[in-house]
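Participant: pasting the sequence and the predicted coordinates here, then a few questions.
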2 protein chains.
Amino acid sequence: MTRLTDLDTPAALIDTARMQRNIDRMQRRMDELGVRFRPHVKTSKSLPVVKAQMAAGARGITVSTLKEAEACFAAGVTDIVYAVGIAPGRLAQVAALRRRGCDLKIITDNVATAQAIATFGAEAGERFEVWIEIDTDGHRSGIKPEEATLLEVARTLRDGGMRLGGVLTHAGASYACSRRDALIAIAEQERAGAVRAAVRLREAGFPCEAVSVGSTPTALSAERLDGVTEVRAGVYVFFDLVMLNVGVCGVEEIALSVLTTVIGHQREKGWAIVDAGWMAMSRDRGTRAQKIDYGYGQVCAESGEVLDGYFVSDANQEHGIVSYAGGIDPDIVARFPVGTRLRILPNHACATAAQHPGFQALAGAGEIAAWSRLHGW
Amino acid sequence: MTRLTDLDTPAALIDTARMQRNIDRMQRRMDELGVRFRPHVKTSKSLPVVKAQMAAGARGITVSTLKEAEACFAAGVTDIVYAVGIAPGRLAQVAALRRRGCDLKIITDNVATAQAIATFGAEAGERFEVWIEIDTDGHRSGIKPEEATLLEVARTLRDGGMRLGGVLTHAGASYACSRRDALIAIAEQERAGAVRAAVRLREAGFPCEAVSVGSTPTALSAERLDGVTEVRAGVYVFFDLVMLNVGVCGVEEIALSVLTTVIGHQREKGWAIVDAGWMAMSRDRGTRAQKIDYGYGQVCAESGEVLDGYFVSDANQEHGIVSYAGGIDPDIVARFPVGTRLRILPNHACATAAQHPGFQALAGAGEIAAWSRLHGW
């Protein structure tokens, strides 16, 4: 039986009790709001995590790559939304998955792609199910709810014999919020925009069964979801320091950390050097522009206890520099002797997890299980 | 035969002709300076790249993880320096590699670790070869050349029966330079500091055969390397936008790019959306603080031609936003229609490469070979 003390460092550690509480919390909230929940696999890219989400009541999944779709379909999940605008060159792979029985939905936000989908579908004899991507906050892709393009895309799909399955939006701008009222407002903006797009489509005679919204901050802040059929969220499963700053989790809910070892010091600078550099933490510095900047991560004891004020102030590829936020700690060498093991909470769970081939899943009883992750496309 | 147009996106593309020129340029310079060259495997983590470096004249390699050491030793490379301060918990793996015939050197910068090495070595019957890490620029680990600790570490190793093989330093602060005179100065500071530490050791009666220095900027800027026996460098093999800003390469020498496809637009903002987000580019924003900030990367045509002013201005996990630096490009949709393939030059080759399970190596004749990479520890 593998235990925490047996692990090599650096290692990506999941506190499975916290993860399960996060899964249950989100599913309970979605049940209260009366919507289906479709977790985003992009955060974990790991089947044991997906299975825990499905067991808790998730209805289908969201993926960021077709590799995730292939792996989850092979594991028995059939209801899948690929939530990145489809590149025409990927339609053959989508068609192959659908022919094998995978109920894979694709998205687009433009007429050129809709036309490419229709042309490919007609030639391949495949009636793709397409959801139209809606832009409700200006942060990335999507058609604004009132734009003429919305109906043009719908018409192109219908005339080409494709199935228009619904609309989908993601209020990624919610990551920039940190006040409860702002979160409630952007959740409502996300909801209202998606529902408005659906209403426009229906009034123009198009079907629009699914109204899909979501991001972790808006999912946990929405007060009502009238007209929405499903919510998507990813990072809630682990949470992270960015979500802590946004205000949708407590530090004791962060389920992912990087286990590391102290390898040296610079005493006069108050530095402990650890073997978790940016290769283990990722280069994500999401808290840089937030109310508390945690550098490359918050330092905790090996037990998980948060060590207030200690953070990873800088990182090279395989070196992290642990400092005290309040100034030079003159006792840094005695506090963290060489060989000391620490856990680092990450800025962004999706990015940190991606640096690791797998997770070490730590159960309450102290037993560790190795969970593999997908890497690449 | 696979060609560029057959590749799925995103993909990490190596221009092998550029890579070979970069390898030859560095080796030639090291030969002129009369030092051995020990390339750092951390950039590519890929055996075909390492083999090209060895074939050009490299004498041994540098690694950032024991996984790299294991893989390169299995491929026939025996002279290896593991250039991250050894964690005592890794000594068993080092000893096992050495017993199998790998001439693996380890480093440390503190007495506690030196003692742990000696204790473990005595118990295991292994005379580890240890190099002492020297700090010549204050950026990370190491003992300053004049510190008393230098001799204490040497004494601890000698008294414990270990082999003191030399000194090693890395002037990582050179990455912050951008003027030729500053680069020459920091290269000289790196050289002088390492040589001074070696002289102190020798004067105190300790052996110090190897004097190892290096970083890509200092290696390419040093005017003399008297007293140095070898140079280490990693990123020179591909170069990147950070090195372009530092001034040690031209844009036409950057050998790594990410192939991507346009999946949509936001016309009124002048955005093209591509399928290379931060998962493909990494979150590294090394050019943020440099003279030219390239966002998440410089945009090139699929052919490799640099498209001046077009850059990846923002990135989500699987989405990159291509913008024009000079303001909104009103013709963005016509310029980069959906399905257009582009290449993105990265901020930092080591970080971008790490996001990919392998490289697509593009030879001059247009043929593509798949080169795998190591992932994890």
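Facilitator: Perfect, I can see it now.

Participant: do you know how far the closest residue to A:Pro88 other than its chain neighbours is from A:Arg224?
Facilitator: Using C-beta to C-beta, 6 or more residues apart in numbering or on different chains and skipping the chain neighbours, the partner closest in space to A:Pro88 is A:Ala116 (4.0 Å). C-betas here are computed from N, CA, C, even on glycine. Counting by C-beta to C-beta, to the nearest Å, the gap from A:Ala116 to A:Arg224 is 37 Å.

Participant: how about the strands in the stretch 1-150 of chain A?
Facilitator: With strands called from DSSP state E, counting those that start in this stretch, the stretch 1-150 of chain A shows them at A:11-15, A:36-39, A:61-63, A:79-82, A:103-108, A:129-134.

Participant: make CSV out of the ones you listed and add mean pLDDT.
Facilitator: CSV is the format used below for the strands of the stretch 1-150 of chain A (pLDDT from 0 to 100):
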stretch, mean pLDDT
strand A:11-15, 98
strand A:36-39, 98
strand A:61-63, 98
strand A:79-82, 98
strand A:103-108, 98
strand A:129-134, 98
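
Participant: could you dump those to a markdown table with distance to chain B?
Facilitator: As requested, the strands of the stretch 1-150 of chain A are exported to a markdown table (distance: least, C-beta to the nearest C-beta, whole Å):
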| stretch | distance to chain B |
| --- | --- |
| strand A:11-15 | 8 |
| strand A:36-39 | 15 |
| strand A:61-63 | 10 |
| strand A:79-82 | 10 |
| strand A:103-108 | 7 |
| strand A:129-134 | 8 |
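
Participant: that older thread, distance check, the residue nearest to A:Pro88 against B:Gly339.
Facilitator: Distance from A:Ala116 to B:Gly339, by C-beta to C-beta: 7 Å.

Participant: check contacts around A:Leu33.
Facilitator: Contacts for A:Leu33 (C-beta atoms under 8 Å, 6 or more residues apart in numbering or on different chains) come out as A:Ala222, A:Arg224, A:Leu225, A:Val231.

Participant: repeat that for 10 Å
Facilitator: A:Ala219, A:Ala222, A:Glu223, A:Arg224, A:Leu225, A:Asp226, A:Val228, A:Val231 (C-beta atoms under 10 Å, 6 or more residues apart in numbering or on different chains).

Participant: can you pull out the strands in the stretch 201-350 of chain A?
Facilitator: According to DSSP E, counting those that start in this stretch, the strands that the stretch 201-350 of chain A contains are A:210-213, A:230-233, A:256-266, A:271-274, A:298-301, A:306-315, A:320-324, A:341-345.

Participant: of all the ones you listed, which one is nearest chain B?
Facilitator: Nearest to chain B, of all these, is strand A:256-266, at 4.0 Å by C-beta to the nearest C-beta.

Participant: can I get the strands of the stretch 1-150 of chain A in a markdown table with mean neighbour count?
Facilitator: A markdown table is the format used below for these (neighbours: other C-beta atoms under 10 Å in any protein chain shown):
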| stretch | mean neighbour count |
| --- | --- |
| strand A:11-15 | 25 |
| strand A:36-39 | 24 |
| strand A:61-63 | 26 |
| strand A:79-82 | 22 |
| strand A:103-108 | 24 |
| strand A:129-134 | 25 |
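
Participant: check the gap between A:Ala96 and chain B for me.
Facilitator: 13 Å (C-beta to the nearest C-beta, to the nearest Å).

Participant: list the contacts of that residue.
Facilitator: By C-beta under 10 Å, 6+ apart, the contact set of A:Ala96 is A:Leu66, A:Glu70, A:Cys102, A:Leu104, A:Ala124, A:Glu126.

Participant: and it, what pLDDT?
Facilitator: We note a pLDDT of 98 for A:Ala96 in this prediction.

Participant: number of residues surrounding A:Ala148?
Facilitator: Neighbour count for A:Ala148, taken as other C-beta atoms under 10 Å in any protein chain shown: 9.

Participant: my bad, A:Gly247
Facilitator: A:Gly247 has 17 neighbours, counted by other C-beta under 10 Å.

Participant: skipping its backbone neighbours, what lies nearest it in space?
Facilitator: A:Ser178 (5.6 Å).

Participant: thought the one you found was touching A:Ser221?
Facilitator: No. Using C-beta atoms under 10 Å, A:Ser178 is not in contact with A:Ser221; the gap is 11.5 Å.

Participant: what residues do these two have in common as contacts?
Facilitator: A:Val246, A:Gly247, A:Val248.

Participant: that older thread, turn the strands of the stretch 201-350 of chain A into JSON lines, including distance to A:Gln189 and mean pLDDT.
Facilitator: JSON lines is the format used below for the strands of the stretch 201-350 of chain A (distance: least, C-beta to C-beta, whole Å; pLDDT from 0 to 100):
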{"stretch": "strand A:210-213", "distance to A:Gln189": "10", "mean pLDDT": "98"}
{"stretch": "strand A:230-233", "distance to A:Gln189": "15", "mean pLDDT": "98"}
{"stretch": "strand A:256-266", "distance to A:Gln189": "29", "mean pLDDT": "98"}
{"stretch": "strand A:271-274", "distance to A:Gln189": "41", "mean pLDDT": "98"}
{"stretch": "strand A:298-301", "distance to A:Gln189": "31", "mean pLDDT": "98"}
{"stretch": "strand A:306-315", "distance to A:Gln189": "33", "mean pLDDT": "98"}
{"stretch": "strand A:320-324", "distance to A:Gln189": "38", "mean pLDDT": "98"}
{"stretch": "strand A:341-345", "distance to A:Gln189": "30", "mean pLDDT": "98"}
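
Participant: which ones among the contacts of A:Leu33 map onto helices?
Facilitator: Residues of these located in helices (DSSP state H): A:Ala219.

Participant: only the buried subset of the contacts of A:Leu33, as a ChimeraX command please.
Facilitator: Here is the ChimeraX command that selects only those of the contacts of A:Leu33 that count as buried (16 or more other C-beta atoms under 10 Å in any protein chain shown):
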select /A:219,222,225,228,231
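
Participant: and the residue nearest the centre of chain A?
Facilitator: When C-alpha atoms, centre = their mean is applied to chain A, the residue found nearest the centroid is A:Gly234 (3.2 Å).

Participant: what's the distance between it and A:Glu190?
Facilitator: 15 Å.

Participant: A:Gly121 too?
Facilitator: According to C-beta to C-beta, A:Gly121 and A:Glu190 sit 30 Å apart.

Participant: ok so A:Val199 is a helix residue?
Facilitator: Yes. Counting by DSSP: H, G, I helix; E, B strand; the rest coil, A:Val199 is found in a helix.
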